[in-house]
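Asks: Sequence isn't available, so here's the structure alone:
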């Protein structure tokens, strides 16, 4: 364990490690990495046999995509095909971001409450949200 102590809800605990990256299963890692590079302004930092890692700077490993042969995409909000995880991407202008995301191949998934977020799916079917307005305190 690291000697660094972290504070959460007034409880001190030792830090075991640091998050290196989030890994997303998909049928075509290069295509999905390209999509998220364009959305997040990142670059490909590793591309080896069905495994692609992107980051905001050379060497950074922030988001990875791995090939799965029997891909079944989530069908948000259908619990029979759960999302398992999703990304929240903060944007300054939701309308502009929506147009750019649609042009890159994202699909809009309209919802009931959209005062501070909008739901999309990426080209492989993973749901993600754009968030806008005030930051959440939770």
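Replies: Okay, I see it. Please read all numbers here as calculations on a predicted model, not as lab measurements. Residues are numbered from 1 along each chain as shown.

Asks: buried stuff in stretch 75-82?
Replies: Across stretch 75-82, burial judged by 16 or more other Cβ atoms under 10 Å covers residue 76. In this view, the C-beta of every residue, glycine as well, is placed from N, C-alpha and C.

Asks: Report the rounded mean pLDDT for that stretch.
Replies: The predicted model gives stretch 75-82 an average pLDDT of 86.

Asks: Start and end of that stretch, how far apart?
Replies: Length of stretch 75-82, first residue to last, Cα to Cα, to the nearest Å: 7 Å.

Asks: Touching it from outside, list them.
Replies: 72-74, 83, 86, 109, 119, 121, 125, 127 (Cβ atoms under 8 Å, 6 or more residues apart in numbering).

Asks: can you rerun that using 10 Å?
Replies: 72-74, 83, 86, 109, 111, 119-121, 125-128 (Cβ atoms under 10 Å, 6 or more residues apart in numbering).

Asks: same check, this time on stretch 84-95
Replies: So stretch 84-95 is contacted by 22-25, 36, 39-40, 63, 74, 76, 97-101, 114, 116-122, 126-133, 135-136 (Cβ under 10 Å, 6+ apart).

Asks: okay but residue 34 is in contact with residue 28, surely?
Replies: Yes. Shown here, residue 34 and residue 28 form a contact pair, counting by Cβ atoms under 10 Å, at 9.4 Å.

Asks: what residues are shared contacts of the two?
Replies: What both residue 34 and residue 28 touch, as defined by Cβ under 10 Å, 6+ apart, is the set 52, 65, 123.

Asks: Number of residues surrounding the first one?
Replies: Here the count is done by other Cβ atoms under 10 Å, and residue 52 has 26 residues near it.
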